[in-house]
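> make a model of this:
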Amino acid sequence: MPPRDQTTPRRDGGAARPKGAYRVEALAKGLRILGLFSEQRPAMKLTDIVAETGLPMPTAFRMAATLAAEGFLEQLPDGAYRPAPKVLTLGFSALRSLDLVQLAEGPLRRLVEASGQTANLGVLSGDHVLYLVRLRNSDLVTANIQVGSRLPAVRTSMGKLLLAFLDDDALERALTGESFAGTAGPNALASPAELRPALAEIRERGWALQDEELAYGLRSVAGPVRDASGAVVAAVNVAVPATEVSTARLLEEIRPLVERTCAEITMLLGGR
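Residues are numbered from 1 along each chain as shown. Model (predicted):
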């Protein structure tokens with residue numbers, strides 16, 4: 001007997017249509033382009049997109065231009081494309097279901113209760129920190145940060161901590177001239193030459209401080225979360241208003257709470 005066609009009945013009682021009839025080819029092409037990007041390949045030139053997808057150059061150009069116009073891609077000065085922050089918001093529900101996020105939420109809530117401040121969980125994504133959990137104190141000045149936000153790693157406590165535990169080759173791949181571009185706080189590091197000694201110190205002591213490097217009036221301290229192999233897979237920080245919490249208080253009172261939270265999440269992940 002020949003195989004039956006895969007069809008979907010019509011609600012109006014008319015003839016059923018093959019499932020393939022509902023495929024929107026333009027949408028499929030756009031999704032294929034978005035699926036090309038990864039942590040190892042954070043940006044791609046149009047010629048690379050053509051080579052990977054097999055699309056004609058004019059079609060690839062129109063797809064990339066449309067995705068950029070809709071906020072899902074952004075074009076770099078050299079003409080390459082990379083995912084824009086809007087892509088990350090599509091994954092909000094998926095992020096909430098990750099084991100790391102589920103395991104971390106209890107310890108993070110206790111951290112917020114103990115510190116009275118905003119707590120975050122993030123992972124490294126290229127040269128940015130991707131926020132997976134944010135439990136916010138309404139007094140904090142950076143109210144626009146939310147789950148799915150990406151901030152420059154070189155200007156955040158979580159980012160600097162995660163960069164500090166990369167090997168030399170991975171760090172070289174993660175950082176570019178664009179990593180230090182854009183707006184920053186008054187104490188921001190301006191170059192890899194300034195950053196590398198700071199990363200070595202962070203790696204040695206096991207925690208990272210951000211003191212008005214991301215923005216004026218904001219401080220934070222971060223610690224590492226490790227998996228069962230001992231690798232640093234995420235970071236936790238507490239962010240505070242600089243006008244209310246001194247650096248000394250942040251390090252003496254809040255840093256131990258962050259370190260305790262990191263140790264608790266690490267144990268839940270099977271680490272030590």
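> drop to CA atoms for contacts and neighbour counts, all remaining ones
Noted.
> how many neighbours does Phe72 have?
Counted with other C-alpha atoms under 10 Å, the burial measure for Phe72 works out to 20 neighbours.
> so it versus Ile33, what's the distance?
11 Å (C-alpha to C-alpha, to the nearest Å).
> what do you get for Phe180?
Taking C-alpha to C-alpha as the measure, Phe180 falls 27 Å from Ile33.
> and if you look at Gly116?
According to C-alpha to C-alpha, Gly116 and Ile33 sit 43 Å apart.
> those two: which has the busier surroundings?
For Gly116 versus Ile33, the count of surrounding residues by other C-alpha under 10 Å is larger for Ile33: 20 against 14.
> who's in contact with the more buried one?
Going by C-alpha atoms under 8 Å, 6 or more residues apart in numbering, Ile33 touches Ile49, Thr53, Ala64.
> the host helix or strand of Gly122: partners in the sheet, and parallel or antiparallel?
With elements taken from DSSP states H and E, the one containing Gly122 is strand 118-125. With DSSP bridges as the test, strand 118-125 is paired with strand 128-135 (antiparallel), strand 232-241 (antiparallel).
> can I get those strands in CSV including distance to Phe165, mean pLDDT and mean neighbour count?
Converted to CSV, these look like this (distance: least, C-alpha to C-alpha, whole Å; pLDDT from 0 to 100; neighbours: other C-alpha atoms under 10 Å):
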stretch, distance to Phe165, mean pLDDT, mean neighbour count
strand 128-135, 14, 90, 24
strand 232-241, 7, 94, 25
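> list phi and psi for Trp211.
Slight slip there: residue 211 is Asp, not Trp. When read as degrees, to the nearest 10, the backbone of Asp211 gives phi -120, psi 90.
> what helix or strand is Asn203 on?
Just so we're on the same page, residue 203 is Arg rather than Asn. In this assignment (DSSP H and E), Arg203 forms part of helix 192-205.
> render the CA-only coordinates of that helix in PDB, please.
As requested, the backbone C-alpha atoms of helix 192-205 are provided in PDB (Å, rounded to 0.1, in the frame of the first residue of the first chain):
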ATOM      1  CA  PRO A 192      43.100  44.800  26.900                       C
ATOM      2  CA  ALA A 193      46.300  46.100  28.300                       C
ATOM      3  CA  GLU A 194      44.400  47.500  31.300                       C
ATOM      4  CA  LEU A 195      42.100  44.600  31.600                       C
ATOM      5  CA  ARG A 196      44.500  41.600  31.700                       C
ATOM      6  CA  PRO A 197      46.300  42.500  35.000                       C
ATOM      7  CA  ALA A 198      42.800  43.000  36.500                       C
ATOM      8  CA  LEU A 199      41.700  39.600  35.300                       C
ATOM      9  CA  ALA A 200      44.800  37.900  36.700                       C
ATOM     10  CA  GLU A 201      44.000  39.400  40.100                       C
ATOM     11  CA  ILE A 202      40.400  38.300  39.900                       C
ATOM     12  CA  ARG A 203      41.400  34.800  39.000                       C
ATOM     13  CA  GLU A 204      43.800  34.600  42.000                       C
ATOM     14  CA  ARG A 205      41.400  36.000  44.600                       C
END
